[in-house]
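> quick one, fold the following:
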Amino acid sequence: MSGAFSDLSQIIKERVVQQTMGFGASVTSAKDDINYLSEARAEDLIKFGFESEFIGRLPVLSVLDPLSEEDLFTILINPNNPTILSKKLDFASYSITIKFDKQALKAIAARAYQLKTGARGLVGAIESVLIPFEKKLPSTTIDKLSVTEQLVLNPKEVLEKLLKTYQSSEWVELFETIEQQEKAHLIEYIEENKQNIENRHQIKMTPSRIKLAAKLFSQYIMDIGSIIDKITNSYEQIKKIEGYFGQTHDLMIHFEEDTIDYIIQQYLCSSVSIDAFYRQLNKEFEFGLKLVREKSGKKEFSLPLDAILNPDLYLEKLITDELSTIEE
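You can find the predicted model right below:
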């Protein structure tokens, strides 16, 4: 079990100071620099209010350093933070997309720090700011909410202004700015943790995949691990397409990395399915690649992004180049 026991340190301090009293003792408020919690005993917890039978079942006491305001902000700005994800889901249930400005998260962290209840204070701080919006907005046509520092500091004032002027371009521009800020932060986060992410998910995080992850994070309400899993699963499906195409047509194809990234993006960000992509691949490449095989005997092909974007031009050039090689 764990908790933030705000009055416990005073109980410990009284005991420690009392024990040091006597002839020649230095009695001051002198122990300000001592972490009194580190000297906690079972008797202090009992005096705090716990039953002795319960304390007897807690043989190990550990003390954690108190979280600073900056620590709380670091927790909030982490893309995997469950408190923020949960609040996004709450608003999404009303068809409202909510995004948090960096300065707003700092203001929430400052408010939570004043509560002196550690990370638990973050939930209370966020709720106290957003509950009025969560109660009022579902009955309106408002479908986007930008949480800014001004909103955190003056929620009532911002809510009134939002209700009156939501059709103003000001709100649209503000939301787009925060959305871009969110994507930029996620790209920075993935780049900083790239090695760990690649090792955990067994996929190379190319620049285009990192950008795609940021786009998906902004579009869907998921933690980073779930987003990378979606990308990884799509990557594996595309590699299976290579193998299946080879088995079916006796032609080995290999998509270049940027080609794979493009296909993944089409699959995850649009209505294009993997099955539909494979059918289109057969339609566009089967005849042309078989023609090259018949003329040159070549059975293995690397498909760059240009091949997917403009298959006719790619095949025309491929056939011309292969025939020229044969003639030489």
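> A helix includes Pro66, no?
No - remark: Pro66 does not belong to a helix; assigned using DSSP: H, G, I helix; E, B strand; the rest coil, it is coil.
> that one against Gly118, yeah?
Yes - contact status for Pro66 versus Gly118: in contact at 7.1 Å, counting by C-beta atoms under 8 Å. All C-beta spots, glycine's among them, are computed from the backbone N, C-alpha and C.
> which of these two has more neighbours?
Taking other C-beta atoms under 10 Å, Pro66 and Gly118 do not tie; Gly118 has more neighbours (19 against 12).
> how is the most centrally placed residue in the chain assigned, secondary-structure-wise?
Against the mean C-alpha coordinate of the chain, by C-alpha atoms, centre = their mean, the closest residue is Pro79 at 3.1 Å. For Pro79, the secondary-structure state derived from three-state DSSP is coil.
> centre of the chain to the helix or strand where Ile260 lies, how far?
Assessed by DSSP states H and E, Ile260 sits inside helix 257-269. Averaging C-alpha positions (C-alpha atoms, centre = their mean, to the nearest Å) puts helix 257-269 20 Å from its chain's average.
> ok, the closest residue in space to Ala184 that isn't next to it in sequence to Arg111 distance?
Nearest-residue entry for Ala184: Ala214, 7.7 Å, with adjacent residues in sequence omitted and distances by C-beta to C-beta, 6 or more residues apart in numbering. Distance, Ala214 to Arg111, by C-beta to C-beta, to the nearest Å: 28 Å.
> related to what we said a few turns ago, need the per-residue pLDDT for the residue nearest to Ala184.
For Ala214, the pLDDT comes out at 95.
> packing partners of the helix or strand containing it?
Here Ala214 is covered by helix 207-219, with elements defined by DSSP H and E. In terms of contacts (3 or more C-beta pairs under 8 Å, 6 or more residues apart in numbering; DSSP states H and E), helix 207-219 is packed against helix 169-192, helix 224-249, helix 257-269.
> ok, Ile98 touching Lys87?
Yes - contact criterion C-beta under 8 Å: Ile98 and Lys87 qualify, at 6.8 Å.
> what's the offset of stretch 261-274 from the middle of its chain?
In this view, stretch 261-274 has its centroid 20 Å away from the chain centroid, taken as C-alpha atoms, centre = their mean.
> separation between the spatially closest residue to Glu284 that is not a sequence neighbour and Glu286?
If you skip the residues right next to it in sequence, Glu284 has Pro311 as its closest partner in space, 4.2 Å away by C-beta to C-beta, 6+ apart. Noted for Pro311: a distance of 11 Å to Glu286, by C-beta to C-beta.
> again with Glu43
Applying C-beta to C-beta, one obtains 81 Å for the distance of Glu43 from Glu286.
> cool, Leu174 as well?
Summarising the geometry, the distance separating Leu174 from Glu286, computed by C-beta to C-beta, is 50 Å.
> residues contacting Ser68?
Contact analysis of Ser68 by C-beta atoms under 8 Å, 6 or more residues apart in numbering lists Tyr113.
> the one 5 residues further on too?
Taking C-beta under 8 Å, 6+ apart as the criterion, Phe73 is in contact with 105-106, 109.
> between these, which is closest to Leu303?
Each of these was checked against Leu303 using C-beta to C-beta; the closest is Leu105, at 43.4 Å.
> just to check, the closest one is in contact with Asn78?
No - taking contact to mean C-beta under 8 Å, the distance of 10.1 Å between Leu105 and Asn78 leaves them out of contact.
> which of the two has more neighbours?
Legend: neighbour count by other C-beta under 10 Å for Leu105 and Asn78, higher for Leu105 (23 against 15).
> quick one: which helix or strand includes the more buried one?
Secondary structure assignment for Leu105, by DSSP H and E: helix 102-115.
> can you give me the buried ones in whichever helix or strand comes after that helix?
For helix 102-115, the succeeding helix or strand toward the C-terminus, using DSSP H and E, is helix 120-136. Within helix 120-136, the residues that count as buried by 16 or more other C-beta atoms under 10 Å are 121-122, 125-126, 129-130, 133-134.
> just the closest of these to Phe91, please.
Nearest to Phe91 among these is Glu134, at 6.8 Å by C-beta to C-beta.
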